[in-house]
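> what shape does this take:
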Amino acid sequence: MKKMIQIAFALLVISNVGVNAQTALKKGSVNYKMTTSGNDEAAAMMGESTISVHFDEKTQATDMSMMNGMMVTKTIIPVGNIKDARMTFDAMGMKYEIIELPEEAFKANSSLTDLKNATEIVYDKKDTKEIAGFKCYKATVKLSDGTSSVLYITEAIAPQVTNAEGNVKLVGYPLEIKVSNPQGEMTITATSFSKELPKDCFTIGEGYKKVTMEEFQKQMGGM
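The predicted model follows:
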């Protein structure tokens, strides 16, 4: 299940921003719900889980709430400058802001490197559905290990997903992601979109203890 979350999150994290058309939206917030099936234990552990992605032409922030809000994480990524990304973790009474975050360490923990394994993207514009008010079409991301993830994307929203080297690029923005493996299936589906950004969505609140990635991993038992 941890691997499924990593892959799904990687497909939402944006390391490069492009514009599909002059009318494509370059600013806004997308709210997602995250559900699991085929694994009752994992579904019970996950509880109600949501993801919110906020973006403009300079920055993207991704807020993830899992286990009915018991664990909350945030990543803030300046467009085209992943080395200045910031992360926070809030769970079980512990609040950490991870500082001095090396680029490689961020890639390892946000699972951006999972996109290195994307070998091909196959589009099917005949397979469409409406999600959060946008017409979307199917994109299948094939990975080097033989597995694949199914996405429904819209070209009406400008941010794009690329892998670390920029070799494989998604031409649209994902509003639904379905990841499957022997442990079960995870689906992330957009529930709403707003052109307005929440106040302070690109800032980190108070009360977080600043730690390095190494210190954080020791606290979390090497996760």
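> how about the strands in the protein?
Using DSSP state E, the strands found in the chain span residues 16-17, 28-37, 49-55, 59-66, 71-78, 86-91, 94-99, 118-131, 134-143, 148-154, 159-160, 173-181, 184-194, 209-212.
> reformat those strands as JSON lines; add mean pLDDT, mean neighbour count and distance to K218.
C-betas here are computed from N, CA, C, even on glycine. Formatted as JSON lines, those follow (pLDDT from 0 to 100; neighbours: other Cβ atoms under 10 Å; distance: least, Cβ to Cβ, whole Å):
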{"stretch": "strand 16-17", "mean pLDDT": "39", "mean neighbour count": "16", "distance to K218": "32"}
{"stretch": "strand 28-37", "mean pLDDT": "89", "mean neighbour count": "18", "distance to K218": "28"}
{"stretch": "strand 49-55", "mean pLDDT": "90", "mean neighbour count": "21", "distance to K218": "26"}
{"stretch": "strand 59-66", "mean pLDDT": "88", "mean neighbour count": "20", "distance to K218": "22"}
{"stretch": "strand 71-78", "mean pLDDT": "87", "mean neighbour count": "19", "distance to K218": "18"}
{"stretch": "strand 86-91", "mean pLDDT": "89", "mean neighbour count": "19", "distance to K218": "13"}
{"stretch": "strand 94-99", "mean pLDDT": "89", "mean neighbour count": "17", "distance to K218": "11"}
{"stretch": "strand 118-131", "mean pLDDT": "92", "mean neighbour count": "13", "distance to K218": "32"}
{"stretch": "strand 134-143", "mean pLDDT": "91", "mean neighbour count": "18", "distance to K218": "31"}
{"stretch": "strand 148-154", "mean pLDDT": "90", "mean neighbour count": "22", "distance to K218": "32"}
{"stretch": "strand 159-160", "mean pLDDT": "57", "mean neighbour count": "24", "distance to K218": "34"}
{"stretch": "strand 173-181", "mean pLDDT": "86", "mean neighbour count": "22", "distance to K218": "29"}
{"stretch": "strand 184-194", "mean pLDDT": "91", "mean neighbour count": "18", "distance to K218": "28"}
{"stretch": "strand 209-212", "mean pLDDT": "90", "mean neighbour count": "14", "distance to K218": "9"}
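> got the contact list for the residue located most distally from the centre of the chain?
Here the chain reaches farthest from its C-alpha mean at K126, the gap being 25.8 Å by Cα atoms, centre = their mean. K126 makes contact with Y137, according to Cβ atoms under 8 Å, 6 or more residues apart in numbering.
> the strands of the chain into JSON lines, with extra columns for distance to Q219?
Listed next are these as JSON lines, based on distance: least, Cβ to Cβ, whole Å:
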{"stretch": "strand 16-17", "distance to Q219": "32"}
{"stretch": "strand 28-37", "distance to Q219": "25"}
{"stretch": "strand 49-55", "distance to Q219": "22"}
{"stretch": "strand 59-66", "distance to Q219": "18"}
{"stretch": "strand 71-78", "distance to Q219": "14"}
{"stretch": "strand 86-91", "distance to Q219": "9"}
{"stretch": "strand 94-99", "distance to Q219": "7"}
{"stretch": "strand 118-131", "distance to Q219": "32"}
{"stretch": "strand 134-143", "distance to Q219": "31"}
{"stretch": "strand 148-154", "distance to Q219": "31"}
{"stretch": "strand 159-160", "distance to Q219": "32"}
{"stretch": "strand 173-181", "distance to Q219": "28"}
{"stretch": "strand 184-194", "distance to Q219": "26"}
{"stretch": "strand 209-212", "distance to Q219": "7"}
